[in-house]
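**Q** A predicted structure for the sequence below; I have some questions about it.
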Amino acid sequence: MEELKEEIYNECVEFVNKQLQTVENTIESNKKALMSETKSSAGDKHETGRAMLQLEMEKAGQQLEGIRLMKETLAKIDVQKKSDISCLGSMIKTNLGTYFLSISAGQIKLSGNTYFAVSVSSPIGGLLLGKTVKDSLKFKDKSIVIERID
């Protein structure tokens, strides 16, 4: 299970790196577009274009902050750590699926199996946090029973 946990952790790191690359590309593209915007006779159109680019830059800045927080969260995870109580970095096998408490990276498919990387601040992550084997909880009208924690 430790190897699987490490593979899923690495998938989460890759997810964050891809997000970062996308945002950096957007920022670079927007910087170039801002620099190439020149004052034309259609002044209002020019100003609207610049304002839209500024909004895109602000949005990208917010996305960068989210990526920084995800990196911080991943840095706190020790995949070797064992605990009987689910915590950040736990792999939680339930009757409905297996969850990795980390960041919200969604579905991760490995070796034909599906796992879910969820943040402790997500609805399901918050419910799973602090639980032990055989605990049960309700999520979206479904009963979830914890079968194993690694």
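**A** Right, received. Where do you want to start?

**Q** packing partners for the helix or strand containing E65?
**A** Element membership of E65 [criterion: DSSP states H and E] is helix 43-75. Counting contacts by 3 or more Cβ pairs under 8 Å, 6 or more residues apart in numbering; DSSP states H and E, helix 43-75 is packed against helix 2-36. (Glycine included, C-beta is placed from N, CA and C.)

**Q** Taking their axis directions, the helix it packs on and helix 43-75 sit at what angle?
**A** 160 degrees (axes from the mean of the first three to the mean of the last three Cα atoms, to 10 degrees).

**Q** Any regions of this structure where pLDDT drops low?
**A** Within the chain, the segments meeting pLDDT under 70 span 37-46.

**Q** okay, now the domains of this structure?
**A** Using automatic domain parsing, the domain parsing of the chain gives 2-75, 91-149.

**Q** Mean neighbour count, those: which tops it?
**A** domain 91-149 (a mean of 16; mean count of other Cβ atoms under 10 Å).
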